[in-house]
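S.K.: Coordinates for the following, if possible.
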Amino acid sequence: MSRLAFVNANLARLYGAPAPTAPWQRVELDGDERAGLLTRAAFLFANSGDSSGSPTLRGKFVREGLLCSPLPPPPANIDTRLSTNASLTNRERYQEHMDHEVCRVCHKLMDGLSFAFEHYDATGSYRTTDVGKPVDSGGEIVGAYPPARFRDAIELSALLAGDRAAGQCWIVQWLGFAVGRELDRCEDCGLTALADRLASPCADLKDILVSLVSAPEFRVLGRDAGLAAGARPLSARLKTPERVRASILAFLVGEYESWLPALPDVPATFKRHVELLRELERVAPP
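M.R.: As a prediction, this is how the structure comes out:
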């Protein structure tokens, strides 16, 4: 897990790194405080409350975004207010969720993960105490995954980095982003084999990207003969964002085709680009 970062003056102060001599400078962060993306200010700040780190948001991101384990929706009209007792640490305030049966269902899946980040406040700054008490950042991965305990976010990150289920989720997230839609269960079948191939210690990001764009789930758009076994046509799976994108594609096709007559020598790659856009517009009507 990388400890390298590019910092400006503000980030250097937040990370406790030496002041940069350029607008942006590459530095190595303290290995006892930072290792990997889950200990970086961007993730921590984006998943915080107004004045404190949010174990709920941080744990939910790990559970759903890194383990692909959806959480049930919260009950309607649930009271989400936290204790205002100033003597309680952030962890102690959020642990009160476990005292309520209706909250416990979800929070037992999130909180064991989320308390790993208690060393980081709302801005992502590292701390060793909270309201004068030593920070407790220990936790456990529970649920559909083998239980595993950790002492802090760095140990949690190491567990996730070596976990096969987390690796498969990473592939699912990459492929879902690449095709711009949620994957159906049929497609999930092919991802297991893909994830196994990419689990090799020799695989790097370039190998992963090449494998993803070579996979049928990426290449097949949903035409009759080209459908993967059991796959449904793309047009039958379109949701609102994809319909918007289809409308944009239709516009691009019209624009590109209006330019072609004015170009004396159209490169073959450009013509192929137009053909691909036309094909996408045809299989994904607005």
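
S.K.: For residue 133, what are phi and psi?
M.R.: With angles defined as degrees, to the nearest 10, residue 133 shows backbone torsions of phi -110, psi 150.

S.K.: unless I'm mixing things up, it is touching residue 91, no?
M.R.: No. With contacts defined as C-beta atoms under 8 Å, residue 133 does not count as touching residue 91, sitting 9.3 Å away. Where you see a C-beta, it was placed from the backbone N, CA and C, and this is true even at glycine.

S.K.: neighbour count winner among the two?
M.R.: For residue 133 and residue 91, the more surrounded residue by other C-beta atoms under 10 Å is residue 91, and the numbers stand at 20 against 12.

S.K.: show me what contacts that one?
M.R.: Residue 91 makes contact with 55, 115, 118, 130, 135, 136 under the criterion C-beta atoms under 8 Å, 6 or more residues apart in numbering.

S.K.: how deep is the fourth one tucked in, by neighbour count?
M.R.: As a burial measure, residue 130 scores 19 neighbours (other C-beta under 10 Å).

S.K.: same thing with the third one?
M.R.: One way to gauge burial is a neighbour count; for residue 118, by other C-beta under 10 Å, it gives 24.

S.K.: go on, residue 102?
M.R.: Using other C-beta under 10 Å as the criterion, the residues surrounding residue 102 number 12.

S.K.: isn't there a strand covering it?
M.R.: No. Secondary structure of residue 102 (DSSP: H, G, I helix; E, B strand; the rest coil): helix, not part of a strand.

S.K.: separation between the residue nearest to it when sequence neighbours are not counted and residue 64?
M.R.: By the measure of C-beta to C-beta, 6 or more residues apart in numbering, the closest residue to residue 102 outside its immediate chain neighbours is residue 75, 5.2 Å from it. Applying C-beta to C-beta, to the nearest Å, the value for residue 75 to residue 64 is 18 Å.

S.K.: Neighbour count: those two, which is higher?
M.R.: In terms of neighbours (other C-beta under 10 Å), residue 64 is the more surrounded of residue 75 and residue 64; the figures are 15 against 10.

S.K.: quick one: low-confidence parts of the stretch 101-250 of the chain?
M.R.: Along the stretch 101-250 of the chain, segments meeting pLDDT under 70 span 143-146, 178-205, 215-250.

S.K.: Find the nearest non-adjacent residue to residue 120, please.
M.R.: In space, residue 120 comes closest to residue 44 once its chain neighbours are excluded; the distance is 4.7 Å by C-beta to C-beta, 6+ apart.

S.K.: Give the burial count for the one you found, as a bare number.
M.R.: With neighbours defined by other C-beta under 10 Å, the count for residue 44 comes to 26.

S.K.: Could I get the CA-only coordinates of the helix or strand where it lies as PDB?
M.R.: Taking DSSP states H and E as the criterion, residue 44 maps to helix 41-46. Taking only C-alpha atoms (Å, rounded to 0.1, in the frame of the first residue of the first chain), the coordinates of helix 41-46 have been written out as PDB:
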ATOM      1  CA  ALA A  41      -7.700  13.000   3.200                       C
ATOM      2  CA  ALA A  42      -9.900  12.900   0.100                       C
ATOM      3  CA  PHE A  43     -11.700   9.700   1.200                       C
ATOM      4  CA  LEU A  44     -11.900  10.700   4.900                       C
ATOM      5  CA  PHE A  45     -13.100  14.200   4.300                       C
ATOM      6  CA  ALA A  46     -15.700  13.100   1.700                       C
END
